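Peer 1: Structure of the sequence below:
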Amino acid sequence: MKKLGLLVVAAMFSAASFAQTTTPATTTPATTTPTEKTQVKDLRKEVRAYDNKKAEAKAQIKKGNLTAAQTDLATAKTDKADIKTDAKTLKSEGVAHPVKLATKEVKKAEVAKADLKTAKAAEQTDVKAGNITGAQAAQAAAAADKKDLKKDIREAKRDGVKRHLHKA
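Peer 2: Model (predicted):
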């Protein structure tokens, strides 16, 4: 009897707590202005430039050319400052996590390009080896990767920026 009483009390408390919660209001999707679109595009370019300069600096350090590495690091530092100022501007306009978004888009594009290059390389090695079925399978995989890349580009057009598909 005691268990039944506790069960009834618990059910009443849970019903009362559910009755007090409100359903969240539906939000309209944020629309971007043309200036925001160009700023996001510029931010992506700056992220690419920053990554490239850091990679060049690392390569120069490995070669032992420290003066070239220092100039690359100085350029990367200015790129980083530009990224910060653009991110601050975009945040003030309502874009959430602009640097994270731009970095994610850049990395996604680079991975897709790398997948296309590896598929084409596999196809070429199969052709050289005389493996026709392997070459056809590699060609089909490359076509599927290219199709997926185009689909991703189509979906990523939410910010209205044109992205060109560079042939790998």
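Peer 1: any idea of the mean pLDDT in the top helix by length along the chain?
Peer 2: Assignment by DSSP state H gives helix 98-129 as the longest helix of the chain. For helix 98-129, the mean pLDDT works out to 81.
Peer 1: swap in stretch 10-28?
Peer 2: Mean predicted confidence for stretch 10-28 is 73.
Peer 1: repeat for stretch 40-54
Peer 2: On average, stretch 40-54 scores 89.
Peer 1: Using CSV, list the CA coordinates for it.
Peer 2: The C-alpha atoms that make up stretch 40-54 are tabulated as CSV, following Å, rounded to 0.1, in the frame of the first residue of the first chain:
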residue,chain,number,x,y,z
VAL,A,40,32.5,34.6,-44.8
LYS,A,41,34.1,33.9,-48.2
ASP,A,42,37.0,36.2,-47.2
LEU,A,43,37.3,34.4,-43.9
ARG,A,44,37.6,31.1,-45.7
LYS,A,45,40.3,32.5,-47.9
GLU,A,46,42.2,33.9,-45.0
VAL,A,47,42.0,30.5,-43.1
ARG,A,48,43.4,28.8,-46.2
ALA,A,49,46.2,31.4,-46.5
TYR,A,50,47.0,31.0,-42.8
ASP,A,51,47.2,27.2,-43.1
ASN,A,52,49.4,27.4,-46.2
LYS,A,53,51.8,29.8,-44.7
LYS,A,54,52.2,27.7,-41.5
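Peer 1: for it, the distance to its chain's centre please.
Peer 2: 13 Å (C-alpha atoms, centre = their mean, to the nearest Å).
Peer 1: Just give me the neighbour total for L43.
Peer 2: 24 (other C-beta atoms under 10 Å). No exception for glycine: its C-beta is placed from N, CA and C like everyone else's.
Peer 1: I153 too?
Peer 2: Per other C-beta under 10 Å, the neighbour tally for I153 reads 16.
Peer 1: what's the helix or strand for it?
Peer 2: Per DSSP states H and E: I153 is located in helix 132-155.
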